[in-house]
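Q: Sequence and predicted model, in that order:
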Amino acid sequence: MADNRILNVAVIIGSTREGRFCPTPAKWIARHAEQRGDLSVDLVDLKEAALPEVLAGGEDDPVPAPVLDLRPRLDRADAFIVVTPVYNKGYPASLKTAIDWYFHEWSAKPVGFVSYGGVGGGLYAVEQLRQVFNEVHATTIRNTISFANYWEHFDDNGETVEGQPPEAAAKGFLDQLGWWGRALREAREQTPYVA
């Protein structure tokens with residue numbers, strides 16, 4: 001039986017650097033998701049979230065306010081799209097911090113990646129993130145949207161330039177994320193996930 005309810009998707013802007021490009025592809029994929037009608041998008045900017053870089057030492061330590069503020073947004077999400085650059089063949093520290101502050105919020109939910117960079121298009125970062133998300137019991141989807149030489153793909157308004165074909169890739173990517181999001185939501189509702 002098909003689940004026709006709206007799927008809540010958190011699009012995470014993974015870079016917090018000054019002069020970052022990350023909001024451009026994040027807003028681009030968020031627009032594609034919103035246009036579908038079956039996805040509700042929450043654009044989560046890790047720069048605005050300002051999560052502390054130093055994690056709590058123990059279970060009894062107080063949880064910082066920024067961590068508490070972001071928790072319900074991640075918890076509400078049925079699926080995630082992580083938008084990441086590649087820095088020195090890796091992903092930004094801000095993403096690792098965000099992953100490590102939470103656990104249950106990620107568990108038994110799908111994660112898709114939109115990456116960008118030079119010739120490799122950020123795929124080094126994606127492959128590393130797949131391993132990290134596996135440890136918090138998230139399911140990464142196979143399809144990835146990758147922008148090699150990203151500066152060639154977008155105009156000054158954040159739209160893809162003529163002659164670039166990422167729209168078809170976006171549809172397949174979002175179809176796959178939606179399938180996993182609905183399947184895992186249904187599974188969590190039938191049987192609570194135990195990590």
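A: Alright, I've got the coordinates.
Q: Below-threshold pLDDT in the chain: ranges please.
A: Applying pLDDT under 70 to the chain flags residues 1-3, 162-165.
Q: In it, which strand is the longest?
A: Longest strand in the chain by number of residues (criterion: DSSP state E): strand 139-148.
Q: Direction included, what does that one pair up with?
A: Within its sheet, and counting by DSSP bridges, strand 139-148 is paired with strand 110-117 (parallel).
Q: Just the residues contacting the partner strand, thanks.
A: 21-22, 25-26, 29, 79-86, 121-126, 129, 133, 138-141, 143-148, 150, 173, 176-177, 180-181, 184 (CB atoms under 8 Å, 6 or more residues apart in numbering). The C-beta positions use only the backbone N, C-alpha and C, and glycine is treated the same way.
Q: Buried ones among the residues you listed?
A: For the contacts of strand 110-117, a burial check counting by 16 or more other CB atoms under 10 Å picks out 21-22, 25-26, 29, 79-86, 121-126, 129, 133, 138-141, 144-147, 150, 173, 177, 180-181, 184.
Q: In helices only, show me these.
A: Counted as lying in helices by DSSP state H, out of the buried ones among the contacts of strand 110-117, are 25-26, 29, 123-126, 129, 133, 173, 177, 180-181, 184.
Q: Need phi/psi at the nearest residue to Asp45 once chain neighbours are set aside.
A: Leaving out its chain neighbours, the residue that sits closest to Asp45 by CB to CB, 6 or more residues apart in numbering is Ile13, at 4.5 Å. For Ile13, the backbone dihedrals (degrees, to the nearest 10) come out as phi -80, psi 110.
Q: burial count for Ile13?
A: 25 (other CB atoms under 10 Å).
Q: ok, now Glu159?
A: Counted with other CB under 10 Å, Glu159 comes out at 13.
Q: residues touching it, list them.
A: Trp28.
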